[in-house]
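> when you get a sec, could you give me coordinates for this:
(one chain, ligands or ions: 2)
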Amino acid sequence: MNLILLGPPGAGKGTQAKRLIDKYGIPQISTGDILRAALKERTELGIKAKEYMDKGALVPDEVVIGIIRDRLTQSDCQKGYMLDGFPRTVVQAEALDDVLNKMGSKIDHVISIEVASDELMKRLTGRRTCRKCGSGYHVVFDPPKKAGGCDKCDGELYQRDDDNETTVGSRLQVYENQTKPLIDYYTKKNLIRPIQGTGSIDDIFGRITAVLG
Ligand code: AP5
Ligand code: MG
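Ligands and ions are numbered 1, 2, ... in the order given. The predicted structure is shown next:
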C-alpha cells in the first residue's frame, strides 16, 4: 500500500504514521525528519535547510524532490511506503507523479487529516519529541509519565526549534497558500480520503484504518 499523509502542521501526521507503520509494516518517509537528521549530522543539506525551516518557509522543491527520488528506490519501499509531509506544493506533486510513473508505482490513498488552526497552534507549541527514539508527546494532550523523559527509552524530550508561536504562524500560512491546493489536486485524481483529525489519537487511528481496510 502506497500512502500520502496530507495535513497542516500539527495535524497528527507523524503521530498517526508511527501507528500505521506497526499495522501495515510500511516505512514512514518524512521529509521533515530527513532534513532534521541531516542537520543533526551537520551536512551541507541540513545546514542549508535550517535557514528555511527556522522561518517556517518551505525548502526549495528541487531539494526535497531529490530526497524523495533517492529514498523511494531503497529496498524497504518495495512493499509500500507512507509519505509524511511530501508533497507540499503542486510542483512537488507533479514531480512525484513523474517519479512514480517511471518506477511503475502509484499512490493508492491520500489521507487528508483536517484540524482547525487554533487547535494546531496549541498542539505545536506543546509538542515534545524524544531525542533518542523520536517518540512524540504533548505536554497537555499526550504527556509522558515522567516530565521531560520518554516513556519508551527514558531519552530526553526536546522542543523543535520551529514550534514557537511566530514560526508556527508562518508555517500555517505557508500551508494555506502552498499545500492546501493539493487537496484539489488529489480530489481530481479521486485519491483524497478526508479524515476528521480532532478527538483522541486512538479514534483518529480507527478512522484511518477504517478507510484503508
Ligand atoms: P515537518 O517536519 O513535515 O513539519 P509539519 O508539516 O509542519 O508537520 P508537523 O511535523 O509539525 O506536524 P504533524 O502533523 O506531524 O503533527 P504531530 O503528529 O507531530 O516539516 C518541517 C519543515 O521542514 C517545514 O516547515 C519545511 O521547512 C521543511 N519541509 C519538510 N517537508 C518539506 C517539503 N516537502 N517541501 C519543502 N519543505 C519541507 O502532532 C503534533 C502535536 O500534536 C504532538 O505534540 C502530538 O502529541 C499532538 N497530537 C497529535 N494528535 C493529537 C490529537 N488527536 N489530539 C491532541 N493532540 C494531538
Ligand atoms: Mg511531523
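
> okay, CA-based contacts and neighbour counts for the rest of this
Noted.

> for stretch 127-142, give the mean pLDDT please.
Here stretch 127-142 scores 95 as its mean pLDDT.

> contacting residues around that stretch?
By C-alpha atoms under 8 Å, 6 or more residues apart in numbering, the residues outside stretch 127-142 that reach it are 15, 123, 126, 143-144, 149-150, 152-153, 155-160, 163.

> can you give me the end-to-end span of that stretch?
Start-to-end span of stretch 127-142 (C-alpha to C-alpha, to the nearest Å) is 9 Å.

> before we move on, back to that, list only buried entries from the contacts of stretch 127-142.
Among those, those scoring as buried are 123, 126, 143-144, 149-150, 155, 157-158, 163 (criterion: 16 or more other C-alpha atoms under 10 Å).

> just the helices in the chain please.
13-24, 31-40, 44-55, 61-72, 90-103, 117-125, 165-174, 181-188, 201-212 (DSSP state H).

> what angle do helix 90-103 and the fourth one make with each other?
Meaning helix 61-72. Taking axes from the mean of the first three to the mean of the last three C-alpha atoms, to 10 degrees, one finds that helix 61-72 is oriented at 30 degrees with respect to helix 90-103.

> can you pull the buried residues of helix 61-72?
So for helix 61-72, counting by 16+ other C-alpha under 10 Å, buried means 64-65, 68, 72.

> could the helices of the chain be laid out in a markdown table, adding distance to ligand 1?
Output for the helices of the chain, formatted as a markdown table (distance: least, C-alpha to the nearest ligand atom, whole Å):
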| stretch | distance to ligand 1 |
| --- | --- |
| helix 13-24 | 4 |
| helix 31-40 | 3 |
| helix 44-55 | 4 |
| helix 61-72 | 6 |
| helix 90-103 | 7 |
| helix 117-125 | 4 |
| helix 165-174 | 6 |
| helix 181-188 | 12 |
| helix 201-212 | 4 |
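
> want to try CSV for the ones you listed, with distance to residue 133 as columns?
Shown next, in CSV, are those (distance: least, C-alpha to C-alpha, whole Å):
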stretch, distance to residue 133
helix 13-24, 12
helix 31-40, 12
helix 44-55, 20
helix 61-72, 21
helix 90-103, 29
helix 117-125, 19
helix 165-174, 24
helix 181-188, 31
helix 201-212, 19
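
> between those, which gets nearest to residue 5?
When those are compared by C-alpha to C-alpha, helix 13-24 sits nearest residue 5, at 6.1 Å.

> packing partners of that closest one?
Applying 3 or more C-alpha pairs under 8 Å, 6 or more residues apart in numbering; DSSP states H and E, we find helix 13-24 packed against strand 28-30, strand 81-84, helix 201-212.
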